[in-house]
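A.B. asks: give the three-dimensional model of this entry:
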Amino acid sequence: MLYRVEGIVIRSMDYGEGNKIITLCTESGGKVGVLVRGAKKPKSRHAALVQPFTYGQYVYFRNTGLGTLNAGEIIESYHELREDLVKASYASYACELLDRVLQDEETGAFWFKQLKACLQALKEEKDPVVITSLYEMKILQAAGYGPQLDDCISCGQERPDEQLFVSPRLGGVLCRACKHFDPPAMSVSPKALKLLRLFAQLDLQRLGNISVSEGTRDEIKKIMRAFMDHQLGLNLKSRSFLDQMEKYGI
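C.D. replies: Below is the predicted model:
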């Protein structure tokens, strides 16, 4: 059967001497694998279509298993992301995270739109830490692990004037009276908690220009990293590379 989809390349790997296998996150068909014959050859008309982060229209034939590319057209190459180490690293993390969480052929419209918005925001040079934290929040929510941030996850009480704590292990905030249920729970500043609550409600496609202080940004990054580790527990190469970049101040 012949399929025509809009998709973003979230993974690209060599196959044989001259071929590539790409994994697409598509708006209509979820995640699909497509064999692109001759893509590694210098004069291949499909060479640009297999580059990471490329957003395009792909026409492929498939009965079972991998599809085989017939034709394609680039809608947005996102070459700016591949040409900048920092942008490429964050974009690679966004794609690898989605690849690991999204199941094959799972309905992908929401995931696709969030990834596209993430790549576009990186292209526009918005703060990559803020973008990534918001993207992680959307991934957690779509996967069914969205944190409970409005009231205590243990007693259910709203305590607007009280110091709250974030429990990545339990998946939400704890009030002071319930902190003993998770002693390692992290204290959270009012500014960071307000931003986390905004992230929980905000669609990444609607992200405008947002200014966050360095301290709050670092706090949000730490909290979201803890949520990702506890709730999803994924070992991602791109995440390790980002950690190395941070370690060496890149």
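A.B. asks: tell me the phi and psi of the residue nearest to the spatial centre of the chain?
C.D. replies: The centroid of the chain falls nearest to A94 when counting by Cα atoms, centre = their mean (3.4 Å). Backbone torsions of A94, given as degrees, to the nearest 10, read phi -60, psi -40.
A.B. asks: and it, what pLDDT?
C.D. replies: What the model reports for A94 is a pLDDT of 97.
A.B. asks: what's near enough to touch it?
C.D. replies: L115, C118, L119, L122, T132, Y135 (Cβ atoms under 8 Å, 6 or more residues apart in numbering). Every C-beta, even on glycine, is put in place using the N, C-alpha and C of the backbone.
A.B. asks: pLDDT for these - can I get that in TSV?
C.D. replies: Shown next, in TSV, are these (pLDDT from 0 to 100):
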residue	pLDDT
L115	96
C118	97
L119	97
L122	96
T132	96
Y135	97
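A.B. asks: closest to K40 out of the residues you listed?
C.D. replies: For the contacts of A94, the closest approach to K40 (Cβ to Cβ) belongs to L119, at 23.8 Å.
A.B. asks: ok so, going back, how close does the residue nearest to the centre of the chain sit to V59?
C.D. replies: Taking Cβ to Cβ, to the nearest Å as the measure, A94 falls 25 Å from V59.
A.B. asks: repeat that for Q231.
C.D. replies: Remark: distance between Q231 and V59 (Cβ to Cβ) = 37 Å.
A.B. asks: which one's more surrounded, these two?
C.D. replies: Higher neighbour count among Q231 and V59: Q231, with 19 against 15, using other Cβ atoms under 10 Å.
A.B. asks: not counting its neighbours along the chain, what's nearest that one?
C.D. replies: Y145 (4.1 Å; Cβ to Cβ, 6 or more residues apart in numbering).
A.B. asks: can you check G56 too?
C.D. replies: I74 (4.5 Å).
A.B. asks: what's the neighbour count on the one you found?
C.D. replies: Neighbourhood size, I74 [other Cβ under 10 Å]: 14.
A.B. asks: skip ahead from the helix or strand it falls within and say which helix or strand is next.
C.D. replies: Using DSSP states H and E, I74 maps to strand 67-76. Toward the C-terminus, strand 67-76 is succeeded by helix 79-82 as the next helix or strand (DSSP H and E).
A.B. asks: which strands and helices sit next to that following helix?
C.D. replies: The helices and strands touching helix 79-82, judged by 3 or more Cβ pairs under 8 Å, 6 or more residues apart in numbering; DSSP states H and E, are helix 85-101, helix 109-123.
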